[in-house]
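Participant: coordinates only, sequence not included:
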C-alpha cells in the first residue's frame, strides 16, 4: 500500500513539474549569513584602490576650470579634468573630493587627501569632512587612515566624538601598530568596558588586514579563554584570507588550525566560496575531513551549493561520505533545492535510493521544501521516512505549509495523521 502511495506521489510530482507549478523561491544556503564578505576587508580594498588610483603627483597636462595644477594626460584626465594639488592649501582638493558631481573625480581627489594626511593635520581635516558632509565610505576610510597614522590621538578623539568612528579607527590602528592596539585593548578605560566586544572585533579585523597569523593566534587564544564571539572573529580572519589569497590558499590555511569548532567555522566559511568557484575541487578538499564533527558545516555547504548546478553529482558525492551531521544536512539541503528545480528528477532519484538513514534525510529535505508547492505529495513522501523522530518533524513542517495553503484541508488530514498532540498544535499554529 505504501509503495503504491509513493508511486502515485511520484507520478503526481512529475505531472506537476511538467506544468511548472513551482511557486516557492529557491531557499538560500546556510552560509549566506556569512557573509558575506567582511566589512573591514572591503574597506581595506577600497582604501588601497583609492590610494593606488591617485597615482603620481602630476596626472594631467592641462588645467581644469578650477585652475588646478596640471597633470599627465590620460583618458580620465581628458574626460573629467585635473585633480587639485595636494600642496599647500587643501581647500580645492576638499571641494573636489566631497562636492564634485563626478564620482571618479571625487574618488581620485579623496585618495590625494588621504596621501596628504599627517598626524599634525588630521584633526583639522576631520573638521572639514564634518563640515562638508563626507559620505560613509569616505568617513570610514579617513578614520582607518588616521588610526594607522596616529593611533592614540585618533583613538582619543574618536572616544569622545558623537560620531560613530571609534571601531574603524581601532581597525586602522591595529593594522599599522598591532602591539599598541592590543595593549590598549587589554587596558581599556572603565568607561569603555562595555565596548570591548566591538573593539576586539576591530582589532582582529585590523590584524587580519596586515598580519593574518597574528589575527589567527589572537582568535584562537580568545576561543581557549571561552570568548563566546570567537567564532564570529574567526570568520573575519577567514573572509580576509579569502579576499587576499583565494579559496585554495584559504583552505590550506584552515587546515593548519587546531581541530575543533573554530576550525570548523573557518572551513565552513571557506567552503561556501570554494564551491562557487570549483565544486569538484571543493568536494575533494572537504572529503578529507568529512568524518570529523568540525567539518559538518563545510560538507553541508558544499553539498547544498553544488546541488544548485549539478544535483546528481552533489548527491552522489554526499552518499559516498561517512555518515554524520554533515552528510545528513547536506542531503537535506541538496534535495530541498532539487525539488525546486526539478521535482520529478528528484523524486525519481529518491525512488532509486535504498532504505537508509541517508534516504530518510533526503526525503525530509524534499518533503519539507516541496510542501509549499504540493503539500499532499510532500506528506506522502514524508510518511515513508523510517526514522520516527525525523518522520514526525518532517510531517509537522509539511503540515504547517499545508495549513497555510489550505487550513480546512489540513485540519481534515491532521485528524488521521498520527502526529502527536504537540506536533498537531505546531501545525495549527503555522509557520511564518
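Facilitator: Now that the structure is in, tell me what you want to look at. Worth saying up front: this structure is predicted, and the values here are computed from it rather than measured.

Participant: mind listing what's buried in the lengthiest helix in the chain?
Facilitator: Longest helix of the chain, by residue count under DSSP state H: helix 230-255. Within helix 230-255, the residues scored as buried using 16 or more other C-beta atoms under 10 Å are 230-243, 247, 250-251, 253-254. Yep, even glycine has a C-beta here, placed from its N, CA and C like the rest.

Participant: got the angle for whichever helix or strand residue 197 is part of vs helix 230-255?
Facilitator: Using DSSP states H and E, the element containing residue 197 is helix 196-210. Here helix 196-210 points in a direction 20 degrees away from that of helix 230-255 (axes from the mean of the first three to the mean of the last three C-alpha atoms, to 10 degrees).

Participant: just how off-centre is helix 196-210 within its chain?
Facilitator: 17 Å (C-alpha atoms, centre = their mean, to the nearest Å).

Participant: what's it packed up against?
Facilitator: helix 39-54, helix 166-176, helix 178-186, helix 212-224, helix 230-255 (3 or more C-beta pairs under 8 Å, 6 or more residues apart in numbering; DSSP states H and E).

Participant: between the ones you listed, which gets nearest to residue 201?
Facilitator: Proximity to residue 201 (C-beta to C-beta) singles out helix 230-255 among those, at 6.2 Å.

Participant: tell me what the longest helix of the chain is packed against?
Facilitator: On a contact count with 3+ C-beta pairs under 8 Å, 6+ apart, helix 230-255 meets helix 39-54, helix 196-210, helix 212-224, helix 261-277, helix 279-287.

Participant: comparing those, which comes out most buried?
Facilitator: helix 261-277 (a mean of 24; mean count of other C-beta atoms under 10 Å).

Participant: residue 332 is in contact with residue 365, isn't it?
Facilitator: Yes - counting by C-beta atoms under 8 Å, residue 365 is a contact partner of residue 332 at 3.4 Å.

Participant: residue 85: what secondary structure?
Facilitator: Here residue 85 is coil, with the state taken from DSSP: H, G, I helix; E, B strand; the rest coil.

Participant: now do it against residue 201, distance only.
Facilitator: As judged by C-beta to C-beta, to the nearest Å, residue 85 and residue 201 stand 38 Å apart.

Participant: same check, this time on residue 287
Facilitator: From residue 287 over to residue 201 (counting by C-beta to C-beta), the distance is 33 Å.

Participant: returning to that earlier point: and of the helices and strands packed on helix 230-255, who's closest to residue 369?
Facilitator: helix 261-277 (19.8 Å).

Participant: how far off helix 212-224 does that closest one point, in degrees?
Facilitator: 130 degrees.

Participant: state the mean pLDDT of helix 261-277.
Facilitator: The average pLDDT within helix 261-277 is 97.

Participant: low-confidence regions, the stretch 101-250 of the chain specifically.
Facilitator: By pLDDT under 70, the stretch 101-250 of the chain contains no weakly predicted segment.

Participant: how about low-confidence regions in the stretch 251-400 of the chain?
Facilitator: For the stretch 251-400 of the chain (pLDDT under 70), the answer is none.

Participant: and the helices in it?
Facilitator: Secondary structure of the stretch 251-400 of the chain by DSSP state H, counting those that start in this stretch: the helices cover 261-277, 279-287, 296-307, 311-320, 325-341, 343-352, 357-370, 375-382, 388-405.

Participant: quick one, which of these is packed in tightest?
Facilitator: It is helix 296-307: most buried of the helices of the stretch 251-400 of the chain by mean count of other C-beta under 10 Å, with a mean of 28.

Participant: and residue 185, how many neighbours?
Facilitator: Neighbours of residue 185 under the rule other C-beta atoms under 10 Å: 18.
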